[in-house]
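A.B. asks: My questions concern the predicted model and sequence given below.
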Amino acid sequence: MVCFRLSSAPGLGFVLFCLVLGVARSYALELNLTDSGKATCLYAKWQMNFTVRYEATNKTYKTVTISDLGTVTYNGSICGDDQNGPKIAVQFGSGFSWMVNFTKVSSLSSYSIDSISFSYNTSNKTTFPDAEDKGIVTVYDFPAIKIPLNVIFRCNSLLTLEKNSVVQHYWDVLVQAFVQNGTVSTKEYLCDKDKTSTTVTPIIHTTAPSPTTKPTPLEKPEIGTYSVNNTNGTCLLATMGLQLNITQDKVASVINIKPNSTEFTGSCHPQTALLRLNSSTIKYLDFVFAVKNENRFYLKEVNVSMYLVNGSVFRIANDNLSYWDAPLGSSYMCNKEQTVSVSGAFQINTFDLRVQPFNVMEGKYSTAQECSLDDDTILIPIIVGAGLSGLIIVIVIAYLIGRRKSYAGYQTL
């Protein structure tokens, strides 16, 4: 954990920011804001990333994901007073800024996350190469989430805001504005998505610590059906049985995902699509799909964060994968067991897999492209070739034996 302690304007005390490292493809922030009396007035901890779709000079559209915020400053974050509510302000990268405002409601028994704004600069050629329009763009959203006073708001589930070609993702959120008496509450107020979660801990098999010993395989996992919807209806379909293979601190674990105790969310965009699974032990398991060459899709990225049986948190991310490749307008299917190797410590075995992250029509799968493991037609030429090879060998051996016998009937004069 890296902490930043910044001096603020007179009367506002100091700000302590802690950046928690180790989660790829996301940005974990922790903020403890204090007043002039060095008492906590606002506490927040959250993870976020952003996806921006912009027009390029050749009249095509490109998509960029902003997850590594780089150098961060926090100018403008305040505890609030009688005229202004609390505010969190974050500046990062080249021309990026993010801000959230809190407002106390008239009843004085609750407050709201009133507005969230995100600004980016398309003049940044590194992030937005070939952008047609250059300049600072600001997107505003008004979630109007109401939170009772004197409790901490928690939302582990994925929260998605989408407006004007910008998608904002937030998860693992903890926030309490208007902190009373400098003490952050231990009483939690859950977001609606966390309230509806009825997940059950999946079965976990653990072996004795050994770098070479593998856990006893579990039975085949149940097949789950998952979907993601947008304003146009179903935009992503997935059917699969999932088995997670994890190695941490020389301890190997196998987890079968149970569909009836697993929540799923996601988002769809022209160039990328996300399917996120979560349960009581899996904070998130992300499958990120992307378009390549404008005519094919593939699994580009897998991110996972979950609790192990020993209470530790296991996190792995890989955004350089190339699995489940198929043409746009079709689905990808592989009925036989297939392994997605995310890292040396994390692999996913899939069973009866079928996915279509783009161009879903009427909520149904399109014609499937089958994986090579399912293609039994290749066995025919292999069998025929092996048979012919065996026949040739038999003929050659028989010829050599017959020739030797024929020579044995003659004597040299």
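C.D. replies: Happy to help now that I have it. These numbers come from a predicted model, not from an experiment.
A.B. asks: beta partners for residue 353?
C.D. replies: Beta-bridge pairing for residue 353 (DSSP bridges): residue 334.
A.B. asks: Was I right to think it contacts residue 340?
C.D. replies: No. Counting by C-beta atoms under 8 Å, residue 353 stays clear of residue 340, with 9.7 Å between them. (Each C-beta comes from the backbone N, C-alpha and C, glycine too.)
A.B. asks: where along the protein do the helices fall?
C.D. replies: 192-195, 379-408 (DSSP state H).
A.B. asks: and the first one, what other elements does it pack with?
C.D. replies: Counting contacts by 3 or more C-beta pairs under 8 Å, 6 or more residues apart in numbering; DSSP states H and E, helix 192-195 is packed against strand 152-155.
A.B. asks: quick one: the strands in the stretch 251-400 of the chain?
C.D. replies: Remark: strands assigned in the stretch 251-400 of the chain by DSSP state E, counting those that start in this stretch are 251-256, 263-268, 272-278, 282-292, 296-307, 313-318, 323-327, 331-334, 338-343, 346-356, 368-370.
A.B. asks: Hmm, residue 111 and residue 144 touching each other?
C.D. replies: No. Residue 144 is beyond contact range of residue 111, at 11.0 Å (criterion: C-beta under 8 Å).
A.B. asks: For these two, indicate the residue with more neighbours.
C.D. replies: residue 111 (23 against 10; other C-beta atoms under 10 Å).
A.B. asks: one step back: save the strands of the stretch 251-400 of the chain as CSV, and put in mean pLDDT and distance to residue 78 too.
C.D. replies: CSV is the format used below for the strands of the stretch 251-400 of the chain (pLDDT from 0 to 100; distance: least, C-beta to C-beta, whole Å):
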stretch, mean pLDDT, distance to residue 78
strand 251-256, 87, 44
strand 263-268, 93, 32
strand 272-278, 94, 33
strand 282-292, 94, 31
strand 296-307, 93, 31
strand 313-318, 88, 32
strand 323-327, 95, 46
strand 331-334, 96, 50
strand 338-343, 93, 41
strand 346-356, 96, 41
strand 368-370, 91, 55
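A.B. asks: got those as TSV, with distance to residue 161 and mean neighbour count columns?
C.D. replies: Output for the strands of the stretch 251-400 of the chain, formatted as TSV (distance: least, C-beta to C-beta, whole Å; neighbours: other C-beta atoms under 10 Å):
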stretch	distance to residue 161	mean neighbour count
strand 251-256	31	20
strand 263-268	10	21
strand 272-278	14	23
strand 282-292	17	21
strand 296-307	19	20
strand 313-318	22	17
strand 323-327	28	19
strand 331-334	29	23
strand 338-343	28	16
strand 346-356	25	21
strand 368-370	34	16
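A.B. asks: among the ones you listed, which is nearest residue 173?
C.D. replies: Nearest to residue 173, of all these, is strand 282-292, at 11.8 Å by C-beta to C-beta.
A.B. asks: what does that closest one rub up against?
C.D. replies: Strand 282-292 is contacted from outside by 156, 158, 171-172, 202, 236, 238, 244, 257, 262, 270-278, 297-307, 313, 319, 324, 328, 355, 357-358, using C-beta atoms under 8 Å, 6 or more residues apart in numbering.
A.B. asks: related to what we said a few turns ago, turn the strands of the stretch 251-400 of the chain into CSV, columns for distance to residue 391.
C.D. replies: As requested, these are arranged in CSV below (distance: least, C-beta to C-beta, whole Å):
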stretch, distance to residue 391
strand 251-256, 45
strand 263-268, 54
strand 272-278, 51
strand 282-292, 45
strand 296-307, 42
strand 313-318, 48
strand 323-327, 38
strand 331-334, 35
strand 338-343, 35
strand 346-356, 38
strand 368-370, 32
